[in-house]
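[1] give me a model of this one.
(one chain, ligands or ions: 1)
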Amino acid sequence: MFDGLKKKLNRFRNDVEETAEEKAEAAADEAEADADAEADSAPADAAVEPEASEPADVDSDADTDAVSGAAAGSEVNAVDAVDATDAPADAESVTETESASEQGAATAEVETEAEAAAAATSAGEPGDTDADTVDEPSGESTADEVEPHESLASDAAKAALTEEDDDDSSGPGRLRRAAAFATGKVVIEEEDLEDPLWELEMALLQSDVEMQVAEEILETIREKLIGETRKQVQSTGQLVSEALHDALYEVISVGQFDFDQRIAEADKPVTLIFTGINGVGKTTTIAKLARYFEKQGYSTVLANGDTYRAGANEQIREHAEALGKKLIAHEQGGDPAAVIYDGVEYAEAHDIDIVLGDTAGRLHTSNDLMAQLEKIDRVVGPDLTLFVDEAVAGQDAVERARQFNDAAAIDGAILTKADADSNGGAAISIAYVTGKPILFLGVGQGYDHIEKFDPEQMVNRLLGEDE
Ligand SMILES: Nc1nc2c(ncn2[C@@H]2O[C@H](COP(=O)(O)OP(=O)(O)OP(=O)(O)O)[C@@H](O)[C@H]2O)c(=O)[nH]1
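    Residues are numbered from 1 along each chain as shown. Now for the predicted structure:
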């Protein structure tokens, strides 16, 4: 169910995860460079000799280029990072990473800066512009400048490193990640989300999610993810999943109420009116609900308020006979309100719990619809008016839900044909657009093919990887 959208949501999760992991690796590289530099600081200091000013100038130019080309966050303390023995390795690293991802390239460039600064330092020019140029754009950097949350991250790193000792099967990758945590730099930033969010927006719109709903989802994800630091116990994938979960749940669960409880608590007979255009599965849904209520111990009577369409009586009668239910019907062209009124009278006289009233949806204007439903309202006073449409109709279903709700307020919606290959956009959008909840999903042609709509289950279904 909703396979296309599921794939797109997964892609978003993977994209953000990939970006964050690249950052983690870059941060780990920096942390390692810091550690190396600390270990080797004594010989490095001893090697500093105030001579050779020319190389420093040459490197200064190269350095400026490197900084301007590097992504923000290239904040390795250039002097600390210098290690004479690292130099050849760094040079190799630059070559290797040039064709690699942007993030990788940024890391390599940082190391170029380190080399340049090293040359400058050994030239005995402490006021050299390299250090300033390198440090400024980053806004964060060495251990001295860490933000408060970094100490927590640092604890996490220690814990991870301790575990590392206990279990060496995890390998150096884990050590690198632990080091990344220690830097506190694995923070998701706006720029990290820019591309994935743009793609997610396109994916949502292509999946028939209503524009306003897509924007709301993106806004929630932005709020939840930007500035979020990946915790030790949590992968970025989990973090993104949680943000997606919350964002989807917020829009899908709008207006939810406990349908069964509402029916249980209502005075009997309870009258339910079904609206929606013809052909979307309204009559079948009424039949399915007759079965649903029967399983709960309620008796039902069907009333055919679709007096507009030829053949409507025969169609619903077939269902009524198959289910062993009483049908109240008038001749074609009769007054829908009168049919449903008769249904209620029948229910009262025979101690029936629930009246299920069909209506004709193909009305020429919303005034007709309004007039019809207003009359039913006046004459019968239904407990709930439920809008039925098909999941496969996507944006059209969302638009119709809006129009029906504007013409005569609905209390909830039922989406049929969710078993067919629908995009999921209607299921995500209808509640948010109308302010009224989706209550059931039709999942097949059989009488038992109806599911109570559960927003949590729906979100898990959309984010699940197993279906
Ligand atoms: N696959 C699938 N088919 C469904 C579902 N609900 C209804 N259908 C089929 O959709 C078709 C139309 O259903 P109807 O119940 O006749 O639709 P309607 O809206 O009542 O149409 P009118 O009676 O013309 O107003 C039928 O073939 C149903 O079997 C569903 O949840 N899944």
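
[2] hey, let's count contacts and neighbours off CA atoms from now on
    Noted.

[3] any idea of the pLDDT on residue 305?
    Per-residue pLDDT puts residue 305 at 90.

[4] to clarify, my last question referred to residue 124.
    pLDDT, residue 124: 40.

[5] equivalent analysis for the one 5 residues further on, please.
    With respect to pLDDT, residue 129 scores 39.

[6] try residue 462
    88.

[7] again, but for residue 13
    Reported pLDDT for residue 13: 83.

[8] what's the answer for residue 397, then?
    Reported pLDDT for residue 397: 92.

[9] same question, residue 308
    Residue 308 is given a pLDDT of 80.

[10] ditto for residue 344
    97.

[11] number of residues surrounding it?
    28 (other CA atoms under 10 Å).

[12] got it, and residue 284?
    Residues near residue 284, counting by other CA under 10 Å, number 21.

[13] need the contact list for it.
    Shown in contact with residue 284 (CA atoms under 8 Å, 6 or more residues apart in numbering): 319, 445, 447.

[14] now name the helix or strand holding residue 315.
    According to DSSP states H and E, residue 315 maps onto helix 312-323.

[15] ok so, going back, pick the one among the contacts of residue 284 closest to the ligand.
    Minimum separation from the ligand among those (CA to the nearest ligand atom) is found for residue 445, which lies at 4.4 Å.

[16] buried residues, the helix holding residue 315. List them.
    312, 313, 316, 317, 319, 320 (16 or more other CA atoms under 10 Å).

[17] the next helix or strand after that helix pairs with which strands, parallel or anti?
    Using DSSP H and E, the helix or strand that follows helix 312-323 towards the C-terminus is strand 326-328. Here strand 326-328 is paired, per DSSP bridges, with strand 300-305 (parallel).

[18] could you give the mean pLDDT of stretch 247-265?
    Throughout stretch 247-265, pLDDT has a mean value of 96.

[19] now do the contacts for residue 17.
    Neighbours of residue 17 in contact, by CA under 8 Å, 6+ apart: 236, 237, 240.

[20] residue ranges with poor pLDDT in the stretch 201-350 of the chain?
    Applying pLDDT under 70 to the stretch 201-350 of the chain flags residues 228-235.

[21] up against the ligand, what does it have?
    Applying CA under 6 Å from any ligand atom, one finds that the stretch 201-350 of the chain approaches the ligand through 278, 279, 280, 281, 282, 283, 284, 312.

[22] and the residues you listed, which of them are in helices?
    With DSSP state H as the criterion, helices contain 282, 283, 284, 312 from among those.

[23] ok, back up a step: neighbour count, distance to residue 343 and secondary structure for the contacts of residue 17 - can I get that in a markdown table?
    Listed next are those as a markdown table, based on neighbours: other CA atoms under 10 Å; distance: CA to CA, whole Å; DSSP: H, G, I helix; E, B strand; the rest coil:
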| residue | neighbour count | distance to residue 343 | secondary structure |
| --- | --- | --- | --- |
| 236 | 26 | 57 | helix |
| 237 | 20 | 54 | helix |
| 240 | 21 | 51 | helix |
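
[24] of these, closest to the ligand?
    Of the contacts of residue 17, the one sitting nearest to the ligand (CA to the nearest ligand atom) turns out to be residue 240, at 31.8 Å.

[25] check contacts around that closest one.
    Neighbours of residue 240 in contact, by CA under 8 Å, 6+ apart: 13, 16, 17, 225.

[26] need the longest helix for this protein.
    helix 3-39.

[27] pull the number of nearby residues for residue 292.
    Residues near residue 292, counting by other CA under 10 Å: 18.

[28] could you list the buried residues of the one helix or strand it maps to?
    Under the criterion of DSSP H and E, residue 292 resides in helix 282-295. If you call a residue buried by 16+ other CA under 10 Å, then helix 282-295 has these buried ones: 282, 283, 284, 285, 286, 287, 288, 289, 290, 291, 292, 293.

[29] verify the contact between the second one and residue 317 for me.
    No: judged on CA atoms under 8 Å, residue 283 makes no contact with residue 317 at a distance of 10.0 Å.

[30] what comes up buried for the longest helix of the chain?
    Those would be 3-17, 19-34, 36-37, for helix 3-39 by 16+ other CA under 10 Å.

[31] please apply the same query to stretch 199-218.
    Across stretch 199-218, burial judged by 16+ other CA under 10 Å covers 199-210, 213-214, 216-218.

[32] need the residues that contact that stretch.
    By CA under 8 Å, 6+ apart, stretch 199-218 touches 4-5, 8-9, 12, 197, 244, 247-248, 251, 394-395, 398, 423-426, 428-429, 432-433.

[33] what about residue 394, distance to residue 424?
    7 Å (CA to CA, to the nearest Å).

[34] wait, residue 300
    Using CA to CA, residue 300 is found at 31 Å from residue 424.

[35] which pair of the residues of the stretch 201-350 of the chain next to the ligand spans the longest distance?
    280 and 312 (13.5 Å; CA to CA).

[36] shouldn't residue 382 be in contact with residue 270?
    Yes: between residue 382 and residue 270 there is a contact at 7.4 Å, judged by CA under 8 Å.

[37] leaving out chain neighbours, which residue sits closest to residue 281?
    residue 416 (6.4 Å; CA to CA, 6 or more residues apart in numbering).

[38] make sure the one you found is actually in contact with residue 441.
    Yes: Residue 416 is in contact with residue 441 according to CA under 8 Å; the separation is 5.6 Å.

[39] quick one: which of the contacts of residue 17 is nearest residue 357?
    For these, the nearest to residue 357 is residue 240 (44.0 Å; CA to CA).

[40] show me what secondary structure element comes after the helix or strand that contains residue 413.
    According to DSSP H and E, residue 413 maps onto strand 412-416. Next helix or strand after strand 412-416 toward the C-terminus (DSSP H and E): helix 425-434.

[41] by contact count, what packs against the next helix or strand after that next one?
    Following helix 425-434 in sequence order, the next helix or strand is strand 438-442 (DSSP H and E). The contact analysis (3 or more CA pairs under 8 Å, 6 or more residues apart in numbering; DSSP states H and E) places strand 438-442 against strand 412-416, helix 425-434, strand 450-452.

[42] indicate which one of the ones you listed is closest to the ligand.
    Per CA to the nearest ligand atom, nearest to the ligand of the helices and strands packed on strand 438-442: strand 412-416, 4.1 Å.

[43] need the residues that contact the closest one.
    280-281, 285, 384-391, 427, 430, 436-443.

[44] kindly export stretch 264-284 (C-alpha atoms) in PDB.
    Extracted C-alpha coordinates of stretch 264-284, given in PDB (Å, rounded to 0.1, in the frame of the first residue of the first chain):
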ATOM      1  CA  ALA A 264     -21.400   3.300  21.500                       C
ATOM      2  CA  GLU A 265     -22.200   6.500  23.400                       C
ATOM      3  CA  ALA A 266     -24.800   7.900  20.900                       C
ATOM      4  CA  ASP A 267     -28.500   7.600  21.500                       C
ATOM      5  CA  LYS A 268     -29.900   4.800  19.300                       C
ATOM      6  CA  PRO A 269     -30.800   4.700  16.500                       C
ATOM      7  CA  VAL A 270     -27.600   6.300  15.300                       C
ATOM      8  CA  THR A 271     -27.900   7.800  11.800                       C
ATOM      9  CA  LEU A 272     -24.900   7.900   9.500                       C
ATOM     10  CA  ILE A 273     -25.200   9.700   6.200                       C
ATOM     11  CA  PHE A 274     -22.700   9.000   3.400                       C
ATOM     12  CA  THR A 275     -21.800  11.600   0.800                       C
ATOM     13  CA  GLY A 276     -19.400  11.700  -2.100                       C
ATOM     14  CA  ILE A 277     -19.600  11.300  -5.900                       C
ATOM     15  CA  ASN A 278     -20.900   8.200  -7.600                       C
ATOM     16  CA  GLY A 279     -18.600   5.300  -8.400                       C
ATOM     17  CA  VAL A 280     -16.100   5.800  -5.600                       C
ATOM     18  CA  GLY A 281     -17.400   2.900  -3.500                       C
ATOM     19  CA  LYS A 282     -20.000   4.600  -1.400                       C
ATOM     20  CA  THR A 283     -22.600   1.800  -1.600                       C
ATOM     21  CA  THR A 284     -20.000  -0.900  -1.100                       C
END
